[in-house]
Structure formats: structure tokens, C-alpha cells
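Enquirer: heads up, no residue letters with this:
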């Protein structure tokens, strides 16, 4: 077989007035009184279906074509012609319509041609990519992923695959999934009666990683410009529109770079990947604009066309304390900001993306670089209108003595970080990086409200279906 | 900071006779009797270091520069000049050498400038990217990954992220890692006294996936051309040079495609990605050729320049039965081939890549399409000289009645595959795909003998360090 894509046919890559064969699924069938059927055939290569016009003199018109329903699969051969209809460039005057697969009981077919609730589609995750929305999300997600790789590769960053299974527990075991091959009905025990993880697959307790950052720092301190793009995990019992137990993260890490360099890279990257979506997926973006979120294209353009504001946490507190807005959560220097504060800053006060930086050290992680004031660390969150925090990053503490003091301050054990400390013992360098949750990025670019709808098979509390 | 990469300096992207600043780590320091130090500075952006010439009249020559040892980090400013020496294009006449970080106790620095055993480097996985070998592997690995994405994207394939945590157990639980948040010291029990997985995070037993194939088929049956590129897991107690507990897989899946189409795509992809490595990483490939495997570039060129032989399993058995070679494992129609047989075919009989296809159904998975002979399935393995099997694939069984018969034959429960069966109930289409183990690909391209040395932090039985 040699299959051509409907997107290429619609783009005019095949000659008019010649024969063409497409494969796909029926989106709709409409029959005219004159004895002609109009078949909308899509193959997922683009948003639009191509129209195939099947005349009643085809051999199988009565026996098969009139039985075609939404979701049936077909192979259509015919003459490619320019379409007289609005909104489509080309159509096919069918000379042959072969049925590949019908739909078992069309009345109960879950993806019948009508609007479905987003919740219903989520339960049919194995079929939802066949819908307009599911297909559009999948294509935009792909475009974003390709653009991330392309952008970072073009700037000399190396993609590094950090481990998923980890023996380190650097951010608190309460949020992590255990990975084990022990027989749960018959756990091995130590002399003291505890579970004997020495008998587990890796000879010790292991978990699924919550971040590749500490690992990828080792590669930044060797190859200078690196990034991860892989799955990460949180065992948090969060049933929100912004949390998944399994999600994908992009984590660039840059040697010889300070916080400002990391913010520059983040800003440039966001602009690049949003421009790629607008350039490459205008079909899908028109759909999102019309059906999901009227502001989605404007929001992306506003990110692309505006310089990101750089604002110190301390100054943000001043703005929030002095504004007229009533917040549910009080602000004062030293508290972590809530979503309402972040959205006020990005959506109302600045009406554009904000890089909020230099947070109080007590609300941030041990590895963030202590500023000269001794009170704040070189951390940043990037806030975007319409979604809030989309990126978190920092300059990393490269001074061994300061790092050790922070570990002690936070009651963390030096021995657990011996290899991380080695990076500071052997030719330490200033370095910075950030993390971008990929599903939040896709949600932002599509206007979808729930990250469960922008990943093929979401994993959340009590749900690991498919 | 605005950091430039040494690869760009060596490539002549900066003007000669002007000032330039590079950042990096000392590979070696050599002092001349004339009171000049030659510093080889590398930043991982390419294989080569740049030479910086530090004259003794620099302020910190005695106090600092003479203390520089392998691994120390520096910022070097100076005039870029063409190099009179062999093997390097440009060098820097240093006017300033700033020390960023020294090496704590150079005598015990694990990455001192000498040859290390591969096994020793594996134990120092957080530092091994600083070595010639570790850096070269990481850069080639990146080039292969970028080339895979670029190739498939250019052909209209969409990258799909299939789930890592799965409730399905489609290939046998014995090989899978359990994922759980249950308190191991205090497991909840059902009335019958068994572990109560209803109380686990996902409300049921969950595992780490062994393949994204079944999941990604759902997207092929909607978007036509898709692929996965992500981590997969095997809890096999295999201590070999070819197995990892955590590894990365690439799994393209093509709708409206038969086995031959999948083999065509695999052949074209392998040729493309190997050509990319030869084009983009000649520096690293020269190193692998000289130090690791004298045949590595020839082997890649042989894949690039030769058509892959297509051979039926049945014919392969005839060849093996009639050849002069003595095998440890006997061959006869119906047995699975061993590595010795595969290597004989690829290395001795054909001396090139072989697509071995149409295997006996009894040694293959339930989802592979039954051929008309009723005895074989449309499965393939691609064998490459020097490594053996590198790709496995098949046409998938798209006929519901045949699939159900195969499930029954193999004592598999239809209910466990209800969503997979739906793909055959609703507009089923012929489709095919394959899986490529990414670490085996990197090993093949670098000549490295052990997959543990081509992934940053390998996970194997009793090892989840870092």
C-alpha cells in the first residue's frame, strides 16, 4: 500500500483532474434526492475532512455506501477536482468506494456525529482522538513537542534522558509512587520485622521521579546546555484541573548562566513554540477559537508580541498590598503567593506575562541560589494571563559551603546528596534552569480548561483506565 | 552573562584577531619552560577542546593558573587567532583567565586525565559525561533522538505520549514493576485477607508499561500516522549487555499499512538517523572509530547504502538447516531463532541488514495478523550486523473474529482487551507498526558494547544509583 494523506490532497499537492486514492473514516454521510451521496472522509492528518461525491451508479451504492455511518473506514478512489463549495479547496468525484470496516451497531457508537461532553469523551479516551476536539488537541500537542525539540536543538542544547525510577527521595516521599517487584502477599522481612527492600529488584527502596532536575544538572556541568523532556510523577491526591499523577516536563539546564539567562531562554522558547502552533496548525486553532476559548489566539499573540515583565517578589508584594482588589488570602512579605495573586498580576496589573523573581528563601527549595541579601533566593515563576504559573525555575546554588548550610537549615542529610555535592566540589560553575509542565503548555495553547483533556490517557486519583 | 559555545568558536563563527570569551572546564594544562601555560578548555558543545595560551605575565599566573587541574572550571578571555598547531583550527591568546571552581583534592578526582575503565565510569555516572567517551555518547544519543523526531515529523507522523503507569497487564505481570502508594508496613486488607488494591492510589493494581503499542494503536486508528518515543520498563532479572530495566522505545504505528509498509518505514528511518549521525557528529564518530570499534562507521555506511534483504522465516530456516555452520541451538521450523542464528544470517550469509518476516504464530503475540496459511503471522524482526535484532514489528490483527479466536487460543480474557477490541468494532483498518529500542540504536551507532553505557543513569537489577 502507498497511502497519501488528506492534508496533502487538500493542500494541492496532487494534480487536479487525475485519479487519487485516500483512506480514512467517515465523519458524515449526506444523501441528495438526486441519488448522490456526499461523504466527508477524514484521516486525522489535518482538521478538515475531504468531501467524496459518490454517484448512485457505483456498483455497491445501494448495498454498501448507503450503509456507511460515522466512524466507518473506507478507501476512496476518484478524480480530484476543485471544489465549488465554500470552505474546501478540493473534492473527489468517487469512482470506487471500498468499505474497510463498518461500525458495529451505529446507534450505540460512542463517537456518533454529535457534540459530546468533555467528561464523556474522557471516559472514551481510546476513541476521542477521532473527534474534532481530540484530533485537534493531539495535533497541537505534537506541534508543541516538535517545536520544543527543534528550538532547543537549534540553540545547541542536548536532550538528556534522566531516570524515571529513582532511589533518591529529594522532595519528600509522601508525594512519590513506590516502584517494586516484591510479592505483596508475602513480603520479605528483615530480622527486625520491617519490609526487606534489600530483596527488592533494585536492592533498595525505589520511587518514580518527581523531577529530572538534579540528575540533569550533572550533564549541564559537563555539556553546558542540556534539557530533559520526559514523564514525571506526583502521587498527590489532587483532583484539580491542573494536576496529573503522570505528566511530561521540559527542564532546560544551562551552565555559566544566571537567573536572567534562564528567564531569557524561557521567554524565547515560549514565543517560539506558540508561533509554531499559529504557523503550522491554523486549522486546529480556528476550531479552538470558535468552540473552546474565544481568546486563545489573542492570548498567544500577546505572549509572542510582548516583552515579559521582570518583577521582584518584594515589589510584587508592594503592588498587591496597595491595590484595590480584595483577595481571599492575605499577602505579606514571606508568604507564598496564591493563584489569585498571580492572576491579578498577570491579568489585571500587567496584562501580560510576568517573570516573578527573587523569592524569600524559606518558601523555596534548598538548591536555589542564595542572594546577597541573605533573605531571598534567585528563583523565578513565570505567570501567564489565563493560566497563572506556567514555568518555575532558579539559579542553582553552586557554592558548596552555602549549599551545605542550606541542607543543614532544612534538616536534609548531606550523604543523600553526595553526588549532587560533587558537582560543587569539582569545577563548580554558576548554572540555572527551569521546568515547564508540558500539559499546562498544551492547555494554554488550546484553551482547554483541564489538563486531563490534553494528554491521551490521563492518570489521576482512582483512574488509570486503558 | 552571554555565553558562546566552543563548537561555534572552533567552527569559525567568530572573527579572528578580536576578543572572545569562553567558559568551560580544563581538560589538560601543559606548562612550557618559557613560562607559558597551554590550557585545553572544553565545554561539551563538541568533542574538541579549544587551546588557550596563558602567558606568565597574567596577574594570577602564579597564584591561580598554575594551580589549574583537570576538571577545574574557568572563564577565558583573549584574542582569537588561527592555530599554527595540527588538528585545531583556532586558539585563544588569553588576556584574562578567571577561575570559577577548582577541583577539591585533584589526586582523588575521579575524572583525572587518564584512561578509565568503562566499569569505573559507570559507577561515576554523575561525572562520566565529562570524559571524551561520556560526552561523545551523550551528543550522538541526542543527534539520534533529534533525527528520529525530525524524520517522523517530516513524514507527517504525530508524536503521542502513551501512559507509563498502566492498569493493563497485557504481556504478563511477572515482568512488570508494581506502582503503588500503599503503606508497605501496614497494607490494607480485604475481607478475605488479600491486599486491598481498591485502596491504592488508582483504586486498583497498577504497573509500569512494557510497551506503548496497544495504546498508540488507538491513535493510529484516528490520526493514521503516529509514534511513541518514551520510556518503557522490564522487571526481568537480566544481567546482559543488551537489557535495561528502564529504557526508551520508539514505536511508530501506521494505519492503512501492511507489514511491508512498516518494514519500508523502518529501513528508511534507520538510514536517515545514521546519516544524520555521520553528518552532524563526525568529531565524536572519529573518536568511536579510533577508540571503541574500528568498524563502526563502516557498519553504519553499510546500513545506509544497502537495501535490506526481506526474508521469510521459513526460508531462513532452510538456509540455517543447510549451512555448514555449527550452532549451539538446533533450528527447525517452529522454533524461535537465537542470537547466533540471527547473527549468522545478518553477518555471514547476507552481510547486511535482514528483515526476517512471517514467523510461526505460536512463537508470536496475540495481536499479530494471521497470514492466509493459518500457520504464520505478519511479524518481522530486523537484524543488523554486529548487534542482531534491533527492531521488532508486525501487522496488527484488524479482524475482530480472528483476534477473538487468537485471544481464546492463548487463554487471554476478552474483557481485559475491551477497548482494544473496540478498534476492531468501529471502522477497523489494516495497520502495522514496529518498536525500536533506543539504547540498542545508540549502542549500534557508537560501537559501545553495553547499553548501560549509552543511557545516562542505567537501571538494572540491584542498581538504581543516582
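Expert: Thanks, I have it. If you're wondering where the values come from, they're calculated on a predicted model, not measured in any experiment.
Enquirer: strands of the stretch 51-200 of chain A, start to end?
Expert: Remark: strands assigned in the stretch 51-200 of chain A by DSSP state E, counting those that start in this stretch are A:73-82, A:90-101, A:158-159, A:165-166, A:178-180.
Enquirer: please identify the buried residues of the first one?
Expert: The one in question is strand A:73-82. A:73-76, A:78, A:80 (16 or more other C-beta atoms under 10 Å in any protein chain shown). Where you see a C-beta, it was placed from the backbone N, CA and C, and this is true even at glycine.
Enquirer: what is the orientation angle of that strand with strand A:90-101?
Expert: Interaxial angle, strand A:73-82 versus strand A:90-101 (axes from the mean of the first three to the mean of the last three C-alpha atoms, to 10 degrees): 170 degrees.
Enquirer: and for residue A:164, the neighbour number?
Expert: The number of residues packed near residue A:164 is 24, by other C-beta atoms under 10 Å in any protein chain shown.
Enquirer: can you check residue A:53 too?
Expert: Residue A:53, neighbours per other C-beta under 10 Å, totals 18.
Enquirer: tell me, what's the model's pLDDT at the nearest residue in space to residue A:83 that is not next to it in sequence?
Expert: Spatial nearest neighbour of residue A:83, chain neighbours left out: residue A:91 (4.3 Å); criterion: C-beta to C-beta, 6 or more residues apart in numbering or on different chains. Note for residue A:91: predicted pLDDT of 97.
Enquirer: now residue A:13
Expert: At residue A:13, pLDDT is 97.
Enquirer: what is the burial count for it?
Expert: For residue A:13, using other C-beta under 10 Å, the count is 10.
Enquirer: from chain B, how far off is it?
Expert: 11 Å (C-beta to the nearest C-beta, to the nearest Å).
Enquirer: check residue A:400 too.
Expert: For residue A:400, the distance to chain B - C-beta to the nearest C-beta - is 8 Å.
Enquirer: where does the residue lying closest to that residue once chain neighbours are set aside fall, secondary structure wise?
Expert: For residue A:400, ignoring the flanking residues on the chain, the nearest one in space by C-beta to C-beta, 6+ apart is residue A:424 at 4.0 Å. Here residue A:424 sits within helix A:418-425, counting by DSSP states H and E.
Enquirer: any chance you could map the strands in the stretch 251-400 of chain A?
Expert: Using DSSP E, counting those that start in this stretch, strands in the stretch 251-400 of chain A cover A:309-312, A:354-360, A:376-384, A:388-396.
Enquirer: per-domain residue ranges of chain A.
Expert: Listed by the TED database, the domain ranges of chain A are A:4-99, A:130-173+A:209-451.
Enquirer: does residue A:370 touch residue A:409 like I think?
Expert: No: counting by C-beta atoms under 8 Å, residue A:370 does not reach residue A:409; the two are 10.3 Å apart.
Enquirer: is it correct that residue A:455 falls within a strand?
Expert: No: if the criterion is DSSP: H, G, I helix; E, B strand; the rest coil, then residue A:455 is coil and not within a strand.
Enquirer: on that earlier part again, comparing the strands of the stretch 251-400 of chain A, which comes out most buried?
Expert: Of all the strands of the stretch 251-400 of chain A, strand A:376-384 has the most neighbours on average by mean count of other C-beta atoms under 10 Å in any protein chain shown, namely a mean of 25.
Enquirer: centre of the chain to that strand, how far?
Expert: 21 Å (C-alpha atoms, centre = their mean, to the nearest Å).
Enquirer: what angle do it and strand A:388-396 make?
Expert: Going by the same axes, to 10 degrees, strand A:376-384 makes 150 degrees with strand A:388-396.
Enquirer: what's strand A:376-384 packed up against?
Expert: Contacts defined by 3 or more C-beta pairs under 8 Å, 6 or more residues apart in numbering or on different chains; DSSP states H and E place strand A:376-384 against helix A:259-280, helix A:339-343, strand A:354-360, strand A:388-396, strand A:431-437.
Enquirer: save the ones you listed as a markdown table, and put in mean pLDDT and distance to residue A:182 too.
Expert: Below are these laid out as a markdown table (pLDDT from 0 to 100; distance: least, C-beta to C-beta, whole Å):
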| stretch | mean pLDDT | distance to residue A:182 |
| --- | --- | --- |
| helix A:259-280 | 98 | 41 |
| helix A:339-343 | 94 | 40 |
| strand A:354-360 | 98 | 40 |
| strand A:388-396 | 95 | 35 |
| strand A:431-437 | 98 | 32 |
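Enquirer: distance to chain B added to these, as CSV?
Expert: Shown next, in CSV, are the helices and strands packed on strand A:376-384 (distance: least, C-beta to the nearest C-beta, whole Å):
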stretch, distance to chain B
helix A:259-280, 6
helix A:339-343, 25
strand A:354-360, 16
strand A:388-396, 11
strand A:431-437, 9
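Enquirer: rebuild the ones you listed as CSV, extending it with distance to residue B:323.
Expert: Listed next are these as CSV, based on distance: least, C-beta to C-beta, whole Å:
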stretch, distance to residue B:323
helix A:259-280, 52
helix A:339-343, 70
strand A:354-360, 67
strand A:388-396, 59
strand A:431-437, 55
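Enquirer: nearest to residue A:375, of those?
Expert: strand A:354-360 (6.3 Å; C-beta to C-beta).
Enquirer: partners of that closest one in the sheet?
Expert: strand A:309-312 (parallel), strand A:376-384 (antiparallel) (DSSP bridges).
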